[in-house]
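Engineer: Fold the following.
(one chain, ligands or ions: 1)
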Amino acid sequence: MNNFFELIEKRESCRRYTGESIEKEKLIKCIEAARLAPSACNGQPWQFYLVTNSDIKSKLVKLTQASSKNASAFIVILEEKPRLQTKIVNNLKNQEYTQVDIGIATSHICLAATELGLSTCILGWFNEDKIKELLNIHLSKRIRLIISIGYSSNKEPSKKTRKSLDKILTIID
Ligand SMILES: Cc1cc2nc3c(=O)[nH]c(=O)nc-3n(C[C@H](O)[C@H](O)[C@H](O)COP(=O)(O)O)c2cc1C
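Structural biologist: Here you go, the predicted structure:
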């Protein structure tokens, strides 16, 4: 088991998978981690499609990016229309909490996967309409993000390139 901060260090975007399959229970655990994520007004504005079927996966590689090849699964994250309460809060506060919620759930999935020894890549660039057609998802729905998931070919984590703390942090004592 990882210390939480080690887990954060360990998580990185995987763009080379081994192709080894993942036990279904591990994938379900990742979705369970998303299920427990916080969301504005507890609206839980998400639906998840877990794809492990080989034919559909190869089609998804073509509709996302080539580096997803050999991923053991894809998690397609659908954004549900916000409930009335969230809509009101979004309008009153001029915010888009629904997308924030999806981001938090996505992060839960990626960290849970890392804890289970898996690797992920969040994909925001994909052919949304073709994927909806492929998965029989109604055109009115939004696919907000897709996560490729599998075992990484990279054994050592890469160094993280990030802005320094002084560039992003203002402390008001
Ligand atoms: C909302 C979002 C969309 C992203 N879309 C893509 C994508 O389409 N393709 C890709 O290879 N990586 C994508 N990434 C991964 C980022 O490039 C990556 O998280 C960032 O470069 C930091 O690297 P790391 O994840 O390895 O720490 C996305 C990440 C986020 C949070």
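Engineer: how much space between the residue of the chain at minimum distance from the ligand and residue 136?
Structural biologist: In the chain, no residue comes nearer to the ligand than residue 124, which is 3.0 Å away by CB to the nearest ligand atom. (Glycine included, C-beta is placed from N, CA and C.) Computed with CB to CB, to the nearest Å, the distance linking residue 124 and residue 136 is 22 Å.
Engineer: can you pull the buried residues of stretch 31-38?
Structural biologist: Neighbour-count burial for stretch 31-38, with 16 or more other CB atoms under 10 Å as criterion, is recorded at 31, 33, 34, 37.
Engineer: hang on, the earlier thing: which non-adjacent residue is nearest the residue of the chain closest to the ligand?
Structural biologist: What sits nearest to residue 124 in space, not counting adjacent residues and going by CB to CB, 6 or more residues apart in numbering, is residue 145, at 5.8 Å.
Engineer: Residue 59 now?
Structural biologist: Here the residue nearest residue 59, using CB to CB, 6+ apart, is residue 134, at 5.6 Å.
Engineer: what residue ranges in this protein score low on pLDDT?
Structural biologist: By pLDDT under 70, the low-scoring segments of the chain are 1.
Engineer: What parts of it come near the ligand?
Structural biologist: Within the chain, the positions adjacent to the ligand are 12, 13, 15, 65, 121, 122, 123, 124, 125, 145, 160 by CB under 6 Å from any ligand atom.
Engineer: Could you rerun that using 5 Å?
Structural biologist: Within the chain, the positions lying close to the ligand (CB under 5 Å from any ligand atom) are 12, 13, 122, 123, 124, 125.
Engineer: Just the buried residues from those, in ChimeraX please.
Structural biologist: The following ChimeraX selection, which keeps only the buried ones among these, applies the criterion 16+ other CB under 10 Å:
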select :12,122,123
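Engineer: okay if I get the residues of the chain next to the ligand as a markdown table plus secondary structure?
Structural biologist: Formatted as a markdown table, the entries for the residues of the chain next to the ligand read as follows, by DSSP: H, G, I helix; E, B strand; the rest coil:
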| residue | secondary structure |
| --- | --- |
| 12 | coil |
| 13 | strand |
| 122 | strand |
| 123 | strand |
| 124 | coil |
| 125 | coil |
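Engineer: Residue 3: which of the residues of the chain next to the ligand is nearest?
Structural biologist: For those, the minimum distance to residue 3 (CB to CB) is 16.8 Å, reached by residue 12.
Engineer: quick one: that closest one from residue 62, how far?
Structural biologist: Between residue 12 and residue 62 the distance, using CB to CB, works out to 24 Å.
Engineer: how about the strands of this protein, start to end?
Structural biologist: Applying DSSP state E to the chain gives strands spanning 46-51, 73-79, 119-123, 142-150.
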